[in-house]
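A.B. asks: Can you look at this prediction? I've put the sequence above it.
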Amino acid sequence: MRTSVQTEPLTLRRVHHAYNNVEVLHGIDLTLNNNELVALLGPSGSGKTTLLAIAGGLLRPTSGEVSILGAPPARDIARKVAYILQAGSLIPYLTVAENLHARRIVAGLKPDRARAAELLEAVDLAPKADRHPDKLSGGERQRACVAQALYTGAPVLLADEPTASLDRSRGRAVMTLLAAHAHDTGAAVLVATHDERSLDLADQTLSMEDGVLHG
């Protein structure tokens, strides 16, 4: 078991963001804690994806402060933050297993083939480890992205609709994996979702509406 990070993994203070002068986030304050899975609910267009992009350093806020492990987003962010993106993040010319290893290498870590095999088994993709993404269904690609993010072992994990293409049992299995990542490694996990079927696995539930975060 990894020792929990002592500083707050992620904080946002007074974060605003606008697209073409239209403000979509209105003064967001958010703190993620170690050993915690936070579920973020809200309808499409409420600002959840923008919030995750800013939280992980993919997007710069119009104003406000973001701190990851006590510092502003920096070049080594791939080691600090793992993403499960709604659009997916698999490289098409690599196999599923190679995609996992590539993500870990980008984070500056050596491949761990035993851990990769364990995660592919956990998301029910072990028999398809040597397939390319175009040979997988949408749900299989989504589960591969979940395994890929967990494989980095990052202390902050941000997931945008990770169960959207999954049935109830596989969706719950993915949420169980994300909760285990938080509780077993000390990571902070934020999951933006429409799926309320597995909210009992979350340590805290927040909601967004029209760019405003509600506790």
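C.D. replies: In hand now; what should we look at? Numbering: from 1, shown residues only.

A.B. asks: Can you list the low-confidence ranges for this protein?
C.D. replies: 1-6, 75 (pLDDT under 70).

A.B. asks: Helices along that one, start to end?
C.D. replies: 48-55, 77-80, 96-106, 113-122, 138-151, 168-185 (DSSP state H).

A.B. asks: Columns mean neighbour count and distance to G215 on top of those, output as a markdown table?
C.D. replies: To be clear about C-beta, it is placed using only N, CA and C from the backbone, and glycine gets the same treatment. Formatted as a markdown table, the helices of the chain follow (neighbours: other C-beta atoms under 10 Å; distance: least, C-beta to C-beta, whole Å):
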| stretch | mean neighbour count | distance to G215 |
| --- | --- | --- |
| helix 48-55 | 23 | 14 |
| helix 77-80 | 19 | 25 |
| helix 96-106 | 20 | 32 |
| helix 113-122 | 16 | 32 |
| helix 138-151 | 24 | 26 |
| helix 168-185 | 19 | 19 |
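
A.B. asks: Dump these to a markdown table, plus distance to V24.
C.D. replies: Formatted as a markdown table, the helices of the chain follow (distance: least, C-beta to C-beta, whole Å):
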| stretch | distance to V24 |
| --- | --- |
| helix 48-55 | 6 |
| helix 77-80 | 22 |
| helix 96-106 | 29 |
| helix 113-122 | 34 |
| helix 138-151 | 25 |
| helix 168-185 | 26 |
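
A.B. asks: which one of those lies closest to D210?
C.D. replies: With respect to D210, and counting by C-beta to C-beta, the nearest of those is helix 48-55 at 11.6 Å.

A.B. asks: Name the surrounding residues that touch the closest one.
C.D. replies: 10, 12, 15, 17, 24-25, 28, 30, 40, 42, 59-61, 66, 83, 86, 158-160, 190, 192, 208, 213 (C-beta atoms under 8 Å, 6 or more residues apart in numbering).

A.B. asks: And stretch 169-178, by the same measure?
C.D. replies: 37, 122-124, 139, 143, 146, 150, 157, 159, 162-163, 166, 189, 191, 195, 197-198, 201.

A.B. asks: Just the buried residues of those residues.
C.D. replies: Neighbour counting by 16 or more other C-beta atoms under 10 Å classes 37, 122-123, 139, 143, 146, 150, 157, 159, 162-163, 166, 189, 191, 195, 198, 201 among these as buried.

A.B. asks: Show only the entries of those residues found in strands.
C.D. replies: Among these, the members falling in strands (DSSP state E) are L37, L157, A159, V189, V191.

A.B. asks: from those, which is closest to R79?
C.D. replies: Checking those one by one against R79 (C-beta to C-beta), the nearest turns out to be L157, at 12.6 Å.

A.B. asks: Out of the helices of the chain, which is closest to H132?
C.D. replies: Here helix 96-106 is closest among those (C-beta to C-beta), at 7.8 Å.

A.B. asks: Let me know the angle separating that closest one from helix 113-122.
C.D. replies: Orientation check (axes from the mean of the first three to the mean of the last three C-alpha atoms, to 10 degrees): helix 96-106 against helix 113-122 gives 130 degrees.
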